[in-house]
Structures are given as structure tokens and as C-alpha cells.
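Chemist: pasting the sequence and the predicted coordinates here, then a few questions.
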Amino acid sequence: MPNKQNLEIVDIFSSKFEKASGIYFTDYLGLSVKDITELRSKFTSYGVEFCVVKNKLAEISSKNAGFKELENILKGPTAIAFSYDDPTAPARILKEFKKNHELPVVKAFVFDGKVMDQSAFSAVANLPSREVLLTKFVSGLSSPMSKFASTLRSSMSGLLNVLNSIKETKSS
């Protein structure tokens, strides 16, 4: 019979699995305490939770949230990064962290409800942030409008110049 503490952990992690838009499973074995603390602080600054939980409890939690294909991933030492706002934030942080460190190794990740293996990691890690994408989108929308306004302005000034020329010729 499961104990009360494990049941609470399963409930907490089940809700984390349900709410998260990006979930990253990493093998952290071999990282020093200093490196893990540095990585955790980078995650925290971007609103990402980075935690270690027993594999069996994580497996039960993920199944409760509807992710049945994670049982093969939850083997050996596993740390999980949960991102609620920007699903690409943990990928960018891990990519940046791995420039100076060999670990952690990304086992797999869940991106918008789909489980992906580490082969798709670099594609997601190279995606720009949500804010950058929104900025590009808004500038893309405003560009045709400003070009249209500029075209109208130049046509109107050209017409005005022609009318002024006609006025001057008729008055002289």
C-alpha cells in the first residue's frame, strides 16, 4: 500500500505534467553540485521548474496526465524541467549550458503534448522565444500597412504637384 507522502508527490507531479507546455527529461548523473545549482538558477530565472523525483512516482504521475509512452524514458537518474509559459525555454537554456558542460544529456522531451526524442532537441533549441516570434509577427503585419500608406502619400503628393503646375501655368 502506498504511503501518504508518495500519494501527495504523485498528485503534485500529475498536475505539473498536465499544466506544463514543455517537459524535458535529462540525465544529470556526473554534474557537480555547483553545476546543478548554476543550471537550476538559470531555469528559475526563466520560470522553469527543475526537479528530481523517483522514476516510479514520475511514471505514475505522467500516466495520470495521459503520457503513457514515458516509461522507457524514466530509467536511471532523471531530472525533469517543467516549463509552463514558453515550451522552448528549457531547450534554449540546456543548449546554452551545454556549451560549457558535457552534461546534462536530454533523454526526451514533451513539446505541446507530443513526446519527442533527443534527435528533435536541436530543432526546438534553435527556435526563437515566444516574444521574438510575436515581435516578428507584428512587424510582418505592420509592414504592408506602412508601405500602403507610403504609396498613398506619394501618389497624393504627385497629384498635388501636377495640380499646382497646372494652376501656375493658367495664372501666368
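Modeler: It's in.
Chemist: so what's the spatially most central residue of the chain up against?
Modeler: Centroid check for the chain by CA atoms, centre = their mean gives T88 as the closest residue, at 2.0 Å. Contact criterion CB atoms under 8 Å, 6 or more residues apart in numbering gives G22, V124, A125, L127, P128, S129, R130 as the residues in contact with T88. The way it works is simple: take the backbone N, C-alpha and C, and place the C-beta from them, glycine included.
Chemist: quick check: the first one vs V115, distance?
Modeler: Using CB to CB, to the nearest Å, we find G22 at a distance of 12 Å from V115.
Chemist: okay, now V53: neighbour count?
Modeler: By other CB atoms under 10 Å, 18 other residues sit near V53.
Chemist: use 683 as the first number from now on
Modeler: Done: numbering now begins at 683, and the last item shifts to V735.
Chemist: just to revisit the earlier point, would you show me how to pick out the buried ones of the contacts of T770 in PyMOL?
Modeler: Per 16 or more other CB atoms under 10 Å, the buried members of these correspond to this PyMOL selection:
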select buried, resi 704+806+807
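Chemist: excluding its backbone neighbours, what's nearest S696?
Modeler: Beyond its immediate neighbours in the sequence, the residue positioned closest to S696 (CB to CB, 6 or more residues apart in numbering) is N746, lying 4.0 Å away.
Chemist: and what of T726?
Modeler: Across the structure, with CB to CB, 6+ apart as the measure, the residue nearest T726 apart from its sequence neighbours is F732 (7.7 Å).
Chemist: that neighbour contacts E720, doesn't it?
Modeler: No: using CB atoms under 8 Å, F732 and E720 do not qualify as a contacting pair, with a distance of 11.2 Å.
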